[in-house]
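**Q** Got a predicted model here, sequence first, then my questions.
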Amino acid sequence: MSAHRSRCAALALLAGALACSDRQPGTGPAPGARPPAAPLASSGTAAAPPEALARAFALALGDPAFRAHVKAQLDRSPYREHKLPFQRFLGADGGFALTALARGAGRGVSDLTSEADRAIPLEMYLPVPAHRRDWKGGSDVLVATALADHDVPVAFDVTGNRRLLDPEHPPTTPVIAVVPVETDFSTKPSPLVVCIDYCGGGGSGSAPPPPTPGLYMTKAHFVDDFEGWLKGSPEFEVHVRGFAWNPAALSTLVCATK
């Protein structure tokens, strides 16, 4: 490896954020720090938790056929933690889910469509691994929503009863989260990523193909992830930084999110 390439690959910095960019690595919140601000709606005002959509979703889950549909869609998702884009899910299959939500909530389809369109982009999934493993599509399920990490989740059962959940400890009842999008749904994950994420590195089947020769980070240690359980597994950025463009300042050469 040349001296230039060695310098370019000199340092990998870790940041717990969602989109790769050339910025300083993140750190955990300082003791007593204020919680993160709520996401903004398209109008630029602070967004409100989508409680009405979550309740309509929970009421629709009172129908066994719709629960089976939701379970099948989540199981087939190729994304990490079997996530689905919520608004896209509502409009898929000719608006099948949207119609189910409107029927369950006793609302008009157009009214519910407008509310979903006004909401910030949302994703849905079961954030607790034990819940994903144990929920078989029964009525023992809650739909919960919150905006920022460690907000108190607002949850609804299939009869529409509202309850507040512990933000630090998930309940034993399986929870489907409807929360702000953290996932890039624009492209599907590669088969290798899916296998590593869901097959334990391919141990239950054939071994994945060998990686392309290059520079790899083979070990990392994270002190904490600072995320509440409703947000599922944390996303970490890995930045390879060097002096490629400006010999006086480090720049991000490669960034990957896991």
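**A** Now that the structure is in, tell me what you want to look at.
**Q** contacts and neighbour counts: CA atoms only from here.
**A** OK.
**Q** Tell me the first helix or strand C-terminal of the host helix or strand of Lys71.
**A** Under the assignment given by DSSP states H and E, the secondary-structure element containing Lys71 is helix 64-76. On the C-terminal side of helix 64-76, the closest following helix or strand by DSSP H and E is strand 84-85.
**Q** Tell me where the stretch 1-150 of the chain has helices.
**A** Remark: helices assigned in the stretch 1-150 of the chain by DSSP state H, counting those that start in this stretch are 3-8, 51-60, 64-76, 86-105, 109-118, 129-134.
**Q** which one of those is the most hemmed in?
**A** Using mean count of other C-alpha atoms under 10 Å, the stretch among the helices of the stretch 1-150 of the chain with the largest mean neighbour count is helix 51-60, at a mean of 24.
**Q** Show me what that helix is packed up against.
**A** Counting contacts by 3 or more C-alpha pairs under 8 Å, 6 or more residues apart in numbering; DSSP states H and E, helix 51-60 packs against helix 86-105, helix 109-118, strand 142-145, strand 154-156.
**Q** Just list what the shortest one packs against, helices and strands only.
**A** When contacts are defined as 3+ C-alpha pairs under 8 Å, 6+ apart, strand 154-156 sits against helix 51-60, strand 142-145, strand 162-164.
**Q** Pipe the helices and strands packed on helix 51-60 into TSV and attach distance to Ala130 and mean pLDDT per row.
**A** Formatted as TSV, the helices and strands packed on helix 51-60 follow (distance: least, C-alpha to C-alpha, whole Å; pLDDT from 0 to 100):
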stretch	distance to Ala130	mean pLDDT
helix 86-105	22	96
helix 109-118	29	94
strand 142-145	14	97
strand 154-156	18	97
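**Q** List every C-alpha atom in stretch 157-170, with coordinates, as CSV.
**A** Below are the C-alpha coordinates for stretch 157-170, written out as CSV (Å, rounded to 0.1, in the frame of the first residue of the first chain):
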residue,chain,number,x,y,z
ASP,A,157,-54.6,-2.4,21.5
VAL,A,158,-56.8,-4.0,18.9
THR,A,159,-59.9,-2.5,20.6
GLY,A,160,-58.5,1.0,20.4
ASN,A,161,-57.7,1.4,24.1
ARG,A,162,-54.9,3.9,24.7
ARG,A,163,-52.1,3.3,27.1
LEU,A,164,-48.6,4.7,27.9
LEU,A,165,-45.6,2.4,27.8
ASP,A,166,-42.4,2.5,29.8
PRO,A,167,-39.9,4.2,27.5
GLU,A,168,-37.0,2.2,28.9
HIS,A,169,-38.4,-1.3,29.1
PRO,A,170,-40.7,-3.0,26.5
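**Q** For it, give me every contacting residue.
**A** Stretch 157-170 is contacted by residues 55-56, 58-62, 128, 139, 141-143, 150-156, 171, 228-230 when judged by C-alpha atoms under 8 Å, 6 or more residues apart in numbering.
**Q** Would you mind checking the average pLDDT for it?
**A** The pLDDT scores in stretch 157-170 average 96.
**Q** What is the helix holding Lys71 packed up against?
**A** Against helix 64-76 (3+ C-alpha pairs under 8 Å, 6+ apart) you get no helix or strand.
**Q** pLDDT of it, averaged?
**A** Along helix 64-76, the predicted confidence averages to a pLDDT of 97.
**Q** on that earlier part again, tell me which of the helices and strands packed on helix 51-60 lies nearest to Pro189.
**A** Closest approach to Pro189 among the helices and strands packed on helix 51-60 is made by helix 86-105 (17.5 Å; C-alpha to C-alpha).
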